[in-house]
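Visitor: below are the sequence and a predicted model; questions follow.
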Protein chains: 2
Amino acid sequence: MRLSSLADYAVVMMSAAARHCGGIARLNATLLSEETGVPLPTVQKLVSRLSAAGLIESTRGTGGGFRLSRPPASISLADIIEAVEGPIALTACVDGAAQDCCIDQTCKVKPHWNAVNGAVRGALAGVTLASLSQVPNSPVPA
Amino acid sequence: MRLSSLADYAVVMMSAAARHCGGIARLNATLLSEETGVPLPTVQKLVSRLSAAGLIESTRGTGGGFRLSRPPASISLADIIEAVEGPIALTACVDGAAQDCCIDQTCKVKPHWNAVNGAVRGALAGVTLASLSQVPNSPVPA
DNA sequence: CGCAATCGGATCATATCGGTCCGATTGGAC
DNA sequence: GTCCAATCGGACCGATATGATCCGATTGCG
């Protein structure tokens, strides 16, 4: 019931990125590490995952870096957490995924997990990077 | 963002207990293990934690066992999860607890976590053992 | 008074996670 | 055109936390 520290770092990172450049300018992992205090290798790992998830766009080479691929207002905590931790599900027995759960048939609890998962996910989806960063002068993303 | 399997087992156990006896009769860990399919040692461990949390009352000795200390309607998922996993908090930086978070001062995200935690906890607190026992189509297990 | 059954705590193996390192790729500079 | 430097990307390794197993303490009954 506690998200991994990587996910926490990712939220902080994305929030810092949104606050810095509003998703327009390009920044590198080293700068972001200095800004947020997150260890550089961890930032790099997170950049990899976030890039694979399509939340940021990374560019290699000298002068490279990355930037938000979407406006901060359209990136939610759910997006970031899913990118880092995988699907948001409190239990492994989400429907659609066959499990080795030995009590699969007699389990009366399983039908209720989806509702709970949806509620949790909704709570996370309701918080965007824009609301996290509270950027004063850029309320409208380009 | 996924609760431990122990918590999952605990919910299944409590649900089974509520369904069996409605919190009145007394049952033992062995029977519950056979009913739910949860390994016996795990059931015993969970009984210990749940008993320590005050959710169930255990009795030692021959013919002992345990029973729900409260009606199923007044026991929620939040209670069970907190008993097994500790406080419900997505991050370690809940207010009131000093952290070694190096970005404590510059962290703009921290004030928002409490709202998210509250939303998640509310979603879990809204589901009680009584509602878990009620299966929509109520198929009688063999 | 002895025995059996049950909970309770302690111990150990396992798996996931977090941190670190090295290589592949790309842009710029000469 | 070639070399070099900076950066991302993936892979390896150690540490922490979790889950399962085992043994002892306690209690009721015969």
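Guide: Yes, it's here.
Visitor: stretch A:81-88 and DNA strand D in contact?
Guide: No. Judged by CB under 7 Å from any atom of the strand, stretch A:81-88 stays clear of DNA strand D, getting no closer than 12.3 Å. No exception for glycine: its C-beta is placed from N, CA and C like everyone else's.
Visitor: contacts for that stretch next, please.
Guide: Contacts of stretch A:81-88 from elsewhere in the structure, counted by CB atoms under 8 Å, 6 or more residues apart in numbering or on different chains, are A:3-4, A:6-7, A:10-11, A:46, A:49-50, A:52-53, A:55, A:78, A:94, A:117, A:120-121, A:124, B:1-2.
Visitor: now that stretch: buried residues?
Guide: Going by neighbour count (16 or more other CB atoms under 10 Å in any protein chain shown), the buried part of stretch A:81-88 is A:Ile81, A:Glu82, A:Ala83, A:Val84, A:Glu85, A:Ile88.
Visitor: which residues in chain A form helices?
Guide: Along chain A, the segments classed as helices by DSSP state H run A:5-21, A:29-36, A:40-53, A:77-85, A:110-125, A:129-133.
Visitor: can you tell me which of those is nearest to DNA strand C?
Guide: With CB to the nearest atom of the strand as the criterion, DNA strand C lies closest to helix A:40-53 of those, at 2.6 Å.
Visitor: CA atoms only for the closest one, dumped as CSV, please.
Guide: Taking C-alpha atoms only, helix A:40-53 is exported to CSV below (Å, rounded to 0.1, in the frame of the first residue of the first chain):
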residue,chain,number,x,y,z
LEU,A,40,21.9,10.7,-10.8
PRO,A,41,21.7,7.0,-11.7
THR,A,42,18.2,6.9,-10.4
VAL,A,43,17.2,9.8,-12.5
GLN,A,44,18.7,8.1,-15.5
LYS,A,45,16.8,4.9,-14.8
LEU,A,46,13.6,6.9,-14.4
VAL,A,47,14.2,8.8,-17.6
SER,A,48,14.5,5.4,-19.3
ARG,A,49,11.2,4.2,-18.0
LEU,A,50,9.3,7.5,-18.5
SER,A,51,10.7,7.7,-22.0
ALA,A,52,9.6,4.1,-22.8
ALA,A,53,6.1,5.0,-21.4
